[in-house]
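*Asks:* Just need the structure, nothing else, for what follows:
(chains A, B and C)
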Amino acid sequence: MAARIDVRKTYKLYIGGAFPRSESGYSYIVNDAKGRFVANAALASRKDARDAVVAARKAFGSWSGRTAYNRAQVLYRVAEIMEDRRPQFVQALQQSEGLTTARANAALDAAIDRLVWYAGWADKLTQVVGNANPVAGPFFNLSTPEPTGVVAVLAPQESSLLGLVSVVAPAIVTGNTVVVVSSFDRPLPAVTFAEVLATSDVPGGVVNLLTGSAATIAPWLAAHMDVNAIDLVGVAGEQELATELEVAAADNLKRVRRAPVAEPDWTASPSLDTMTDFVEIKTVWHPMGV
Amino acid sequence: MLAAMPPSPTADLTGLSDVTASESSLTRFLHGLPGVDQVGAEARAASLATRSIKTTAKAQALDLAITMVDLTTLEGQDTPGKVRALAAKAMRPDPADPTCPAAAAVCVYPDMVATAKEVLGDSGVHVAAVATAFPSGRAAMDIKLADTRDAVEAGADEIDMVIDRGAFLSGRYLQVFEEIVAVREACARPGSEDAHLKVIFETGELQTYDNVRRVSWLAMLAGAHFIKTSTGKVQPAATLPVTLVMLEAVRDFRAATGQMVGVKPAGGIRTSKDAIKYLVMVNEVAGGDWLDPDWFRFGASTLLNDLLMQRTKLTTGRYSGPDYFTLD
Amino acid sequence: MGIDLTYAPAPESRSIVDLKASYGLFIDGAFVDGHGSGFKTISPATEEVLAEVAEADAADVDAAVKAARRAYSRVWSRMPGSERAKYLYRIARIIQERGRELAVLETLDNGKPIKESRDVDIPVVAAHFFYYAGWADKLGHAGYGEDPQPLGVAGQIIPWNFPLLMLAWKIAPALACGNTVVLKPAETTPLTALLFAEICQQADLPPGVVNIVTGAGETGEALVAHPDIDKVAFTGSTAVGKAIARSIAGTDKKATLELGGKAANIVFDDAPLDQAVEGIVNGIFFNQGHVCCAGSRLLVQESIADDLLERLKRRMSTLRLGDPLDKNTDIGAINSAEQLARIRELSEIGESEGAERWSPACELPSQGFWFPPTLFTGVTQAHRIAREEVFGPVLSVLTFRTPSEAIEKANNTPYGLSAGVWTEKGSRILHVAGALKAGVVWANTFNKFDPTSPFGGFKESGYGREGGRQGLAAYLKTEQGGR
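*Replies:* Take a look at the predicted model:
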């Protein structure tokens, strides 16, 4: 029997809860780990980045205004749906990272577990990093973390799912909204993740996912005056680019999570810094009297 | 109809008279006054208390404070002899120094008014009498009015009445208002000058500054000439922040109506240093117009001697001692 | 009727201060000459020269960093926290004992009223050292891991508005966490930092733990650029903060930036008005408005605007401007001719843009740098005086109609350091405080500071926190576990 001609798909961007093509019209070929064609992915442009920032800003008010309990539920729901889509993720991981079925399953397990772990932080971080302050006077004084705002996330290039979840979840669980630039060579797990988000309870605009080149898009995000923070882990090892981005980020004093010299081991237990780097401590004073 | 919000400087008397038309309008008005934040008010009072009044300013302030003293004795053991001595002291606080001014008044129970008046005559030092079942105010209205009329007939220049704190705290503002109006009527002295009415709140029993502000407005609306903190029989008596709130009230009342009302902190003011803090507060909160015995008084007994000692220190350059000042 | 109670002059004696003709740099526990050309520091109230101060060039900065590095690796990072604590307690106690001397010197060099240096700056400085002293041997309980490690050498640059207080905010937590420091005070206010150096000697603090390098912008740049510092802590303008952020890009240096602000002070119609007036006055006229968190934009609900302004003007008329050493002075001198020029320029722009300018009758001394307490009414968000930090005693008054409009206007700025909200309604306070993008929200109060209370901004007001448990994070390696 002759082989069936398969339906080839062009993966699109995920912005504001919708899946648009790149505004530029460009796409790029995504090959698997062995160099075989897998799909076309949208090649995000600076204008896509701009639109994604607008969508993220628009979503910020209501997402950050939700109860922590609700954000926990929403993130946990994402984990549930990822479980539902195991075969699709496993296949994407195998294609992208060239993993064996067993290793792809293990990576997926870790990614889902990571999401569950962060989901649980939603209503605990305030208790762990906030506190009452015993000031020397008749004042009630409370310090609590609040989300920084819109965070640009350059997702890791190698760990296309566990790494992605490990940078997106800590940013959004506290109430930030994100614009993510996925791994250039390995975008498929990210695209699948976007499809999960779209069918879960994550409001449109909370996570915006751009496939494409960090070197092209990141400078626009780093310099964007309505982006409050940037995670540079996606350009790990690219010292020159990372420095340029950090310089650009200084224009509006973005909070910067610097690029490490090499992509970190994502299987290690995360630190609280993954969340606290993108929160602001707010301290409120009020007199105590009758 | 005056809005139930901060008294605007343009509010007129017509508007304010509507306020007292009914219990509900009065309550609305008093509860609509801006709140007082305790911590902020106390911080402001404490900050004014750090003013450093030295040399010529101090001399001026000490003399002014002496002229504002209502020299007070309100004891069960008061006798004509004690009151006569006090009256003599009020006229000549420092017998050794003729430049020393006289006190404002002596403040006594109604039955001692005649005795005090006998000594003071037309010296210019007034006789003030506490009335209306002082200090608790717990008596029937006709008794309070009779108490007042007795004192007025005996020649009291000023009546220091107490409000019914129970009525105030249970929200019967109109009753308190009407009592003050009635007592003020009882201060009338046909054919001669009416006695001036000071209204004592007993702020230590009212507790909150919100209550102090409300009762200040209530008394001023009812026609008080002076508003006074305390009887001296309840702790805390006068404090700087309570007086601050009352000074703000008379300031705002003048802005709203054009009428000035005096303020009298009483009880617990014992030192010149304290008295000067009050004067600074009067100066900076109500304004220099109130730096006058017609508009500001101290209800005190031991304060006078400390003022005299400090005065002597300023003039002689050395510290004095209690042996050099008369004890009454 | 009434009398004019004129306050006689009540100057604090300056004889308690032993001013030297010249001051060197404090490096490795000793005062040394600088290689720069040196500069004069003056009293802004009189323009009298107070002293000659050494200027540190790059080589001096290098010597200071080397001394700090030596002290870090050989002594300070190895010392048990309980021993570091005792040095900090000692310093705190000496600051209390020499409080009057420090206050007078601060007032001389800075121009701020003695009332403020005596009652606010210096007591809070001592409190800061006491507070962080106690952390030094409890860091494992601070929530940053069981045995959090110091960063190393911290380069610290502080402004002229609260010279010794900003020094305390920088040095106390750094030392408590086991770091050593090189600190550069502002060029117009170096003297209390140099007296602090003497206090370090008096406390027998090991040489090199604290180094003070005086100088201007170039000295600061050399410090930030030095390859052997691990941390930059800066308080100052947003422009310089951005330059620092660029300068350390691509390095491993951590940074805490405490920058400018344009705080909204929001007064609702149900506010405790008299206290709100005090809060407004304290918010903008405290320290001549030389306060990054100053409440420089008054947002008042339209329904009470006239009444509030009437009260505010009356209150402003009682402010006493003059000799900073006089105990009754409320408004002291502007810190420098440059700052005065900036305040004048922005005020003139305010007028030319159509805002109405008002100041109480107020006689300005003929010598020195002075600016009267000033308010502008009829200001909108489009006016430059409503957007740019004046850093002076100049208040812009804007009005609003609804809570959402107030919040929107308050947040409509690139800054996010502080904000104020005045209302007697508790639920409104919590809602508005939550919605304000500001690191510190003062509700029914303003400009309160405490060592236990974290301070720092959102957005372009900088990052990192100073004070409180959170202030430790700025001086510890906090990254635990993986990413």
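*Asks:* Spatially central residue (nearest the centroid) of chain B, please.
*Replies:* Per Cα atoms, centre = their mean, the C-alpha nearest to the average position across chain B is that of residue B:264, at 2.1 Å.
*Asks:* Residue B:198 is in contact with that one, correct?
*Replies:* Yes - between residue B:264 and residue B:198 there is a contact at 5.9 Å, judged by Cβ atoms under 8 Å. Every C-beta, even on glycine, is put in place using the N, C-alpha and C of the backbone.
*Asks:* where do the contact lists of these two overlap?
*Replies:* When contacts are counted by Cβ atoms under 8 Å, 6 or more residues apart in numbering or on different chains, residue B:264 and residue B:198 are jointly contacted by B:226, B:227, B:228, B:297.
*Asks:* Assess the claim that residue C:324 and residue C:109 are in contact.
*Replies:* No - the criterion here is Cβ under 8 Å, and residue C:324 misses it with residue C:109 at 10.1 Å.
*Asks:* helix, strand or coil for the closest residue to residue C:183 other than its chain neighbours?
*Replies:* Among residues not flanking residue C:183 along the chain, residue C:156 sits closest, at 4.3 Å (Cβ to Cβ, 6 or more residues apart in numbering or on different chains). Secondary structure, DSSP: H, G, I helix; E, B strand; the rest coil: residue C:156 is strand.
*Asks:* check contacts around residue C:156.
*Replies:* With Cβ under 8 Å, 6+ apart, residue C:156 has these contacts: C:170, C:171, C:174, C:181, C:182, C:183, C:184, C:232, C:233, C:234.
*Asks:* same deal with residue C:98?
*Replies:* Residues in contact with residue C:98 (Cβ under 8 Å, 6+ apart) are C:195, C:199.
*Asks:* what does the one 4 residues further on give?
*Replies:* Applying Cβ under 8 Å, 6+ apart to residue C:102 gives the contacts C:95, C:117, C:122, C:125, C:164, C:192, C:195.
*Asks:* mind putting the residues you listed in CSV, neighbour count included?
*Replies:* Formatted as CSV, the contacts of residue C:102 follow (neighbours: other Cβ atoms under 10 Å in any protein chain shown):
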residue, neighbour count
C:95, 25
C:117, 33
C:122, 26
C:125, 32
C:164, 29
C:192, 28
C:195, 21
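*Asks:* List the ones among those residues that fall in strands.
*Replies:* Assignment to strands by DSSP state E places none of the contacts of residue C:102 there.
*Asks:* so how many other residues sit close to residue 198?
*Replies:* Reading this off chain A. Applying other Cβ atoms under 10 Å in any protein chain shown, we find 16 residues neighbouring residue A:198.
*Asks:* Hmm, no, I was thinking of chain C.
*Replies:* By other Cβ under 10 Å, 15 other residues sit near residue C:198.
*Asks:* returning to what we had before: may I ask which two of the shared contacts of residue B:264 and residue B:198 are separated the most?
*Replies:* Greatest spatial distance among these (Cβ to Cβ): B:227 and B:297, at 10.8 Å.
*Asks:* shared neighbours of the two, which are they?
*Replies:* Shared contacts of residue B:227 and residue B:297, defined by Cβ under 8 Å, 6+ apart, are found at B:198, B:262, B:263, B:264.
*Asks:* And the residues you listed, which is closest to residue A:153?
*Replies:* Residue A:153 lies nearest to residue B:263 out of the shared contacts of residue B:227 and residue B:297, by Cβ to Cβ, at 64.1 Å.
*Asks:* Quick check: which helices or strands does whichever strand or helix holds the closest one pack against?
*Replies:* Using DSSP states H and E, residue B:263 sits within strand B:262-264. With contacts taken as 3 or more Cβ pairs under 8 Å, 6 or more residues apart in numbering or on different chains; DSSP states H and E, strand B:262-264 sits against strand B:226-228, helix B:240-257.
*Asks:* for the first one, what is the average pLDDT?
*Replies:* Same thing as strand B:226-228. Strand B:226-228 carries an average pLDDT of 98.
*Asks:* Check stretch C:327-344 too.
*Replies:* The average pLDDT for stretch C:327-344 rounds to 98.
*Asks:* Alongside chain B, which residues does the stretch 51-200 of chain A contribute?
*Replies:* Within the stretch 51-200 of chain A, the positions adjacent to chain B are A:137, A:138, A:139 by Cβ under 8 Å from any Cβ of the partner chain.
*Asks:* residues in the stretch 251-400 of chain C within reach of chain B, list them.
*Replies:* Counting by Cβ under 8 Å from any Cβ, the residues of the stretch 251-400 of chain C that sit close to chain B are C:269-275, C:278-279, C:303-304, C:306-307, C:310, C:318, C:327-328.
*Asks:* can you do 7 Å?
*Replies:* Within the stretch 251-400 of chain C, the positions near chain B by Cβ under 7 Å from any Cβ of the partner chain are C:269, C:271-275, C:278-279, C:304, C:307, C:310, C:318, C:327-328.
*Asks:* avg pLDDT for stretch A:53-68?
*Replies:* Mean pLDDT, stretch A:53-68: 98.
*Asks:* Stretch C:221-237 now?
*Replies:* Average pLDDT, stretch C:221-237: 98.
*Asks:* wait, does that stretch make contact with chain A?
*Replies:* No - using Cβ under 7 Å from any Cβ, stretch C:221-237 never reaches chain A; the gap is at least 11.5 Å.
*Asks:* Next: stretch C:445-460.
*Replies:* Yes - counting by Cβ under 7 Å from any Cβ, chain A has neighbours in stretch C:445-460: C:445, C:448, C:450, C:452, C:453, C:454, C:458, C:459, C:460.
*Asks:* Format those residues as a markdown table; extra columns: secondary structure and distance to residue B:105.
*Replies:* Below are the residues of stretch C:445-460 next to chain A laid out as a markdown table (DSSP: H, G, I helix; E, B strand; the rest coil; distance: Cβ to Cβ, whole Å):
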| residue | secondary structure | distance to residue B:105 |
| --- | --- | --- |
| C:445 | coil | 40 |
| C:448 | coil | 43 |
| C:450 | coil | 46 |
| C:452 | coil | 50 |
| C:453 | coil | 50 |
| C:454 | coil | 55 |
| C:458 | coil | 59 |
| C:459 | helix | 62 |
| C:460 | helix | 63 |
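*Asks:* Assess the claim that the residue nearest to the centre of chain B and residue B:197 are in contact.
*Replies:* No - using Cβ atoms under 7 Å, residue B:264 and residue B:197 do not qualify as a contacting pair, with a distance of 11.5 Å.
*Asks:* Residue C:236 contacts residue C:160, correct?
*Replies:* No - if you go by Cβ under 7 Å, residue C:236 and residue C:160 don't touch, sitting 9.0 Å apart.
*Asks:* what number of residues lie near residue A:57?
*Replies:* Residue neighbour count, defined by other Cβ under 10 Å, stands at 17 for residue A:57.
*Asks:* Having no further points to raise, I will conclude here.
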